[in-house]
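>>> sharing a model prediction with you, sequence too.
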Amino acid sequence: MHGTAELRGDLLGRARAVAASAARAFDAVGGHGAAGAPAAALGLLADAGLLGYAVPESLGGASTLGLAPRQDVSVRALSWLRDELAYGDGLLDLMLVMQGLGSYPLARGGERELAREVLPGVVRGTSIAGYCLTEPGAGSSLDEVATRATRAGDGWRLDGHKTFISNAPIAHFFTVLARTAGEPGDRRADALTMFYVPRDTKGLSVEPFEVIAPHPIGEVRFDGVELEDRWRLGPEGSGLELALATLSRFRTTVAAAANGFARRALDESRAHLTRRRQFGRALADNQGLRFDLAEMDTRLRAAQLLVAEAAAAVDSGADAGHQVARAKLFATEVAGWICDRAVQHHGGLGVRRGHIVESLYREVRSLRIYEGASEIQKLILGKLVLAQSGPTPAG
Ligand SMILES: Cc1cc2nc3c(=O)[nH]c(=O)nc-3n(C[C@H](O)[C@H](O)[C@H](O)COP(=O)(O)OP(=O)(O)OC[C@H]3O[C@@H](n4cnc5c(N)ncnc54)[C@H](O)[C@@H]3O)c2cc1C
């Protein structure tokens, strides 16, 4: 393999092959929503060598041929994979990205020895990662984090409650943002620290719940959990920076997944409008519905270009906050609109449980909420636009 185009083609091909074999793998464990489905998805991704793209090359991840520094994950590689996996099956996409999101704070901030112990299992799919920021009182604002780590002997004691934690019911370890100074809401940049917390540590409990689409998720409680000091991820007080650096890598890939869901919805609409006949002609012969396809196509392409721009900017190491916020906001909102139009084009079939566009409609909804809701992206963008001096640059 020589360059970016070849790597992209290779990754898209492998992701497509995984998606093509997913239905049979899920059937074998009792269906797509069965308890064994996430592990089946991980097995497929690991066998295809795709989980390696969730971990930096220097720590045992796959080579991205210089797309990003060896010590980092490539946002372009992850975005290509997420777009294609989401097109095929949302659970595949989720299981890939959670291995990255949950382990990245360890790869970036943890001791090398700990990273080398844990990350090979992430790449093999035998060690499942979870990422714990959100709490009942701390969602969009991480200043409110109340989970507290206090010094105890040579290590730490962790007490608190995290919620909406993807992979909570199945994770083998969590990377957890906790307060090591100050009080919730006091807006200190140095008050939080991240920790690696193995799932089987005494005092850690999990309570699963369900969301709108197939997604292993739940509450995680820490009740006097004893942590070794070597599980601290970076210097004390660096947790907010580490959590935000993690989100800045993975947020663009949420937009890429949105594009995959939207692309599938567009293809489903095109096929259905061509096939389905009413009033003696194909639905696609109605100009109003063609106009819909034109809008879907154009908005999707704009979203794809924004993702490509943001992913390349993050990989280059540039300050890419503006590009990332635009891509996340636009792609996830557009995907919601496209999937809604696809439901409308399918009539009653569009809301019939089990139909592909019905599942896309549900899959795509959470993307506008997690890793910085649309309103939070708008706050970021509004601030950046107001800070600009001189005329807005030409395209
Ligand atoms: C399916 C799913 C998976 C998730 N997985 C994880 C995970 O693995 N790990 C994890 O830590 N978290 C996870 N989350 C949590 C997610 O990150 C939060 O839901 C998100 O940050 C929003 O927080 P909240 O739900 O508390 O909403 P809130 O912060 O209470 O916000 C509610 C609404 O108000 C808006 N809002 C908030 N502040 C402002 C403002 N200043 N101006 C204008 N509007 C505002 C928000 O945009 C939102 O629309 C997940 C959530 C979902 C739905």
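Thanks, I have the structure now.

>>> do you know how far the residue lying farthest from the centre of the chain is from Leu289?
Among residues of the chain, the one most distant from the C-alpha centroid is Gly280; the distance is 44.4 Å, by C-alpha atoms, centre = their mean. Note on Gly280: its distance to Leu289, by C-beta to C-beta, to the nearest Å, is 15 Å. Heads up, the C-betas are built off the backbone N, CA and C, glycines and all.

>>> where's the residue farthest from the centre of the chain relative to Arg270, distance?
21 Å.

>>> Arg179 too?
Counting by C-beta to C-beta - Arg179 and Arg270 are separated by 51 Å.

>>> how about Tyr104?
In terms of C-beta to C-beta, Tyr104 sits 37 Å off from Arg270.

>>> which one of these two is surrounded by more residues?
Tyr104 (27 against 16; other C-beta atoms under 10 Å).

>>> does the more buried one sit in a helix, a strand or a coil?
Taking DSSP: H, G, I helix; E, B strand; the rest coil as the rule, one finds Tyr104 in the helix state.

>>> that one reaches Arg251, doesn't it?
No - counting by C-beta atoms under 8 Å, Tyr104 does not reach Arg251; the two are 12.0 Å apart.

>>> separation between the closest residue to the ligand within the chain and Arg124?
Nearest to the ligand, among the residues of the chain, is Gly139, at 1.7 Å (C-beta to the nearest ligand atom). For Gly139, the distance to Arg124 equals 33 Å [C-beta to C-beta].

>>> Ser74 too?
20 Å.

>>> also Glu210?
Taking C-beta to C-beta, one finds Glu210 at 28 Å from Arg124.

>>> and those two? Which one has more around it.
Arg124 (15 against 11).

>>> quick check: Val197 is in a strand.
Yes - counting by three-state DSSP, one finds Val197 located in a strand.

>>> burial count for it?
25.

>>> what does the one 4 residues further on give?
The burial count assigned to Thr201 is 16, neighbours taken as other C-beta under 10 Å.

>>> pretty sure it contacts Glu228?
No - between Thr201 and Glu228 there is no contact, the gap being 9.6 Å when judged by C-beta under 8 Å.

>>> please name the nearest non-neighbouring residue to Ser21.
Leu44 (6.2 Å; C-beta to C-beta, 6 or more residues apart in numbering).

>>> for the helix or strand encompassing the one you found, what is the distance to the chain centroid?
Using DSSP states H and E, Leu44 falls within helix 37-47. On the basis of C-alpha atoms, centre = their mean, to the nearest Å, helix 37-47 sits 16 Å off its chain's mean C-alpha point.

>>> right, and the helix or strand after it?
Counting by DSSP H and E, what follows helix 37-47 is helix 75-88.

>>> which parts of the protein sit against the ligand?
131-134, 139-140, 164-166, 211, 215, 217, 366, 369-370, 373, 375-376, 379 (C-beta under 6 Å from any ligand atom).

>>> okay but Gly350 is in contact with Ser359, surely?
No - Gly350 lies out of contact with Ser359 (C-beta under 8 Å); the separation is 10.7 Å.
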